[in-house]
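>>> structure for this input, please:
(one chain, ligands or ions: 1)
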Amino acid sequence: MAQQLIVNGLVVTGGDSSTVIPGGAVCYDGATIVEVGTTAALEKKYPAAKQRNVNGMVVMPGYICTHHHLYSTMARGMGIPGTPASNFSEILERLWWKVDYALGMEDVKYSALIPLCECIRNGTTTIIHAGPSCREGSLDVIADAVKQAGMRASLCYEVSDRNVAGGGVEENIRFIKRCNKEKDPQLAALFGLHASFTVGDKTLERCAGEAKALGAGFHTHVAEDKADVEHSLKNYKMGVVERFHKFGVTGEKSIFVHCIHIAEKEMDILAQTKTAAVHNPESNMNNAVGVAKVLTMLKKGVLVGLGTDGMASDMPAQMRCAYLLHRLDQRDPRVAFCEAPQLLLGNNRAIANRHFPVKLGELAAGCAADIIVVDYIPPTPFGSDNFLGHLIFGMVDATVDTTIASGRVLMEGKKITALDEQAIAAKSRELAPKMWARRRAND
Ligand SMILES: [Zn+2]
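As a prediction, the model looks like this:
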């Protein structure tokens, strides 16, 4: 593949010592970045490269989402008639657990393709997904959709006692083995567990043993609702993190999602074992489950990332939600200005880099060519010292013009080129009512 050169960008490099390069350029070859610098210098050095002039727009690493679900598309606008669910358990029982039983293989494919389109549109190039749907082969169907979209994803199947007899454990094992063998830089695997309250000791012991044998980490919901903690305290006489730790589920490769109702001593376990936590502020507000003590966890040295929990694919929006939520929660306008962007830019990069064999989240030589161009015209000077202000108050509302992942252009001029968005949405509209008819038959 010929060398490609993005020129005249306001380049934000990302990485530990992120800098802004006005009149910046990024040269990449195939799936890898070759060099980042000024347009003048790189034009001179790479005269044969094919140029893409971005006319002053912001060029930065593609966003990473460390907790996503690619199966909730068909629930959108299709609410259940009757009294609204009054708590989190009812939301699961009445909506999600019936939806995931009703999804067929074609639904799994299209309910993955839709959020993948939304990821591309919002500049999200890497996701870590957990799905409960359809069992054997469902992860391959989602992996095909990810490859078709040109994205990068870590996938797992959420085992619970509801689906263990149906092959949930085997589906994780099969897909982890596939990823270990293929070493595809666009695909990774984790061992999925739904949550402590849906996984009894017998299932948990079996999953822990299988994952250990495969060298895989876990992706599981943790203390999303108080009911999860109450269940653990009542049945196991310990908190959810303590229980997972006892079974060897903690560790550097594991991702504990939400961690809203965990004790401070459990935060210490996360920090000591280097287990990552993932904060999903919009989802938590939507489900009215509580506010994760993110600032405390960060102070304790827990690596806290940021996810959408399948509600959306727009990462700057999650960052801004976290920024606002923690200021209000603490009643303190001094907090979260640095921490919310840190979750999105620093910590999601660190988490993703534990799971993929290529270096993500930074524009630098040798890193993956996952690059986005954001259509943002700064109204004040824009530099390394005030980038966070632009990100929180301006770029959060800007649209993404171009999305490139693994060196492949997935969207340019705000038009998705990797997938036929119209045709995918039309097919999804055709499938959704049929899936809902099956779901209602389960009432
Ligand atoms: Zn989730």
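>>> mean confidence for stretch 394-414?
Taken as a whole, stretch 394-414 has an average pLDDT of 98.
>>> my bad, should have said stretch 281-288
96.
>>> again with stretch 233-253
Here the average pLDDT along stretch 233-253 is 98.
>>> quick one: contacts of that stretch?
For stretch 233-253, contacts defined as CB atoms under 8 Å, 6 or more residues apart in numbering pick out 190, 193, 195-196, 201, 204-205, 208, 211-212, 216-218, 220, 222-223, 228-229, 232, 256, 259, 262-263, 265-267, 269-270, 273-275, 354-355. Yep, even glycine has a C-beta here, placed from its N, CA and C like the rest.
>>> and that stretch, end to end?
26 Å (CA to CA, to the nearest Å).
>>> list the buried residues for it?
For stretch 233-253, the neighbour count (16 or more other CB atoms under 10 Å) marks 236, 238-245, 247-251, 253 as buried.
>>> looking at the residues you listed, which is nearest residue 147?
residue 253 (22.8 Å; CB to CB).
>>> am I right that that closest one falls within a helix?
No: looking at residue 253 with DSSP: H, G, I helix; E, B strand; the rest coil, it is coil, so not inside a helix.
>>> and it, how far from residue 92?
Residue 253 sits 26 Å away from residue 92, going by CB to CB, to the nearest Å.
>>> got any ranges where this structure has weak pLDDT?
Low-confidence segments of the chain (pLDDT under 70): 1, 79-81, 133-135, 442-443.
>>> try 90
Scanning the chain for pLDDT under 90 picks out 1-2, 71-105, 107, 131-137, 162-168, 432-443.
>>> what's the biggest helix by length in the chain in contact with?
Ranked by residue count under DSSP state H, the longest helix found in the chain is helix 421-441. Residues outside helix 421-441 that contact it (CB under 8 Å, 6+ apart): 73-74, 78, 98-99, 101-104, 106-107, 110-111, 113-114, 117.
>>> what subset of those residues is buried?
Buried among the contacts of helix 421-441 by 16+ other CB under 10 Å: 73-74, 98-99, 101-103, 107, 110-111, 113-114, 117.
>>> now, which of the residues you listed sits nearest residue 178?
Nearest to residue 178, judged by CB to CB, of those is residue 113 at 20.4 Å.
>>> how much space between the closest one and residue 100?
Taking CB to CB, one finds residue 113 at 17 Å from residue 100.
>>> any idea which helix or strand carries the residue lying closest to residue 173 once chain neighbours are set aside?
Leaving aside its chain neighbours, residue 173 sits nearest to residue 210 (5.6 Å; criterion: CB to CB, 6 or more residues apart in numbering). Secondary structure assignment for residue 210, by DSSP states H and E: helix 201-214.
>>> any idea how far stretch 131-140 is from the chain center?
Centroid displacement of stretch 131-140 relative to its chain, using CA atoms, centre = their mean, to the nearest Å, is 18 Å.
>>> follow-up on the earlier one: quick one: which of the buried ones among the contacts of helix 421-441 sit in strands?
When DSSP state E defines the strands, the subset of the buried ones among the contacts of helix 421-441 inside them is empty.
>>> specify which member of those is nearest to residue 380.
residue 117 (33.1 Å).
>>> how far does stretch 182-201 stretch from start to finish?
Start and end residues of stretch 182-201 are separated by 32 Å (CA to CA).
>>> now do the buried residues in that stretch.
So stretch 182-201, judged by 16+ other CB under 10 Å, has buried residues 186-199.
>>> possible to save the residues you listed as TSV with secondary structure and distance to residue 2?
Shown next, in TSV, are those (DSSP: H, G, I helix; E, B strand; the rest coil; distance: CB to CB, whole Å):
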residue	secondary structure	distance to residue 2
186	coil	21
187	strand	26
188	strand	29
189	strand	33
190	coil	36
191	strand	40
192	strand	40
193	strand	45
194	strand	46
195	strand	48
196	helix	51
197	helix	54
198	helix	51
199	coil	50
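>>> returning to that earlier point: other SSEs contacting the helix holding residue 210?
helix 168-182, strand 191-195 (3 or more CB pairs under 8 Å, 6 or more residues apart in numbering; DSSP states H and E).
>>> centre of the chain to that helix, how far?
24 Å.
>>> what lies in contact with it?
159-161, 164, 169, 172-173, 176-177, 180, 191, 193, 199, 217-218, 236, 243-244, 247-249.
>>> and the residue lying closest to residue 125 once chain neighbours are set aside, what does it touch?
Leaving aside its sequence neighbours, residue 125 sits nearest to residue 62 (CB to CB, 6+ apart; 2.9 Å). Residue 62 makes contact with 123-126, 370-372, 403-405, according to CB under 8 Å, 6+ apart.
>>> hmm, try it at 6 Å
123, 125, 370, 372 (CB atoms under 6 Å, 6 or more residues apart in numbering).
>>> repeat that for residue 125.
62, 370, 405.
>>> cool, residue 356 as well?
Residue 356 touches residue 188, counting by CB under 6 Å, 6+ apart.
>>> quick check, it in a strand?
No: counting by three-state DSSP, one finds residue 356 to be coil, located in no strand.
>>> from residue 171, how far off is it?
Remark: distance between residue 356 and residue 171 (CB to CB) = 21 Å.
>>> which is the next helix or strand following the helix or strand where residue 245 lies?
Per DSSP H and E, residue 245 falls inside helix 240-246. Once the chain leaves helix 240-246, the next helix or strand it forms, by DSSP H and E, is strand 255-258.
>>> partner strands of that following strand, parallel or antiparallel?
strand 218-222 (parallel), strand 276-279 (parallel) (DSSP bridges).
>>> what is the host helix or strand of residue 44 packed up against?
Using DSSP H and E, residue 44 maps to helix 39-45. With contacts taken as 3 or more CB pairs under 6 Å, 6 or more residues apart in numbering; DSSP states H and E, helix 39-45 sits against strand 20-29.
>>> coming back round to it: phi first, then psi, for the residue nearest to residue 125.
Main-chain torsions, residue 62, degrees, to the nearest 10: phi -60, psi 150.
>>> how many neighbouring residues does residue 227 have?
17 (other CB atoms under 10 Å).
>>> how much space between it and residue 195?
Counting by CB to CB, the gap from residue 227 to residue 195 is 10 Å.
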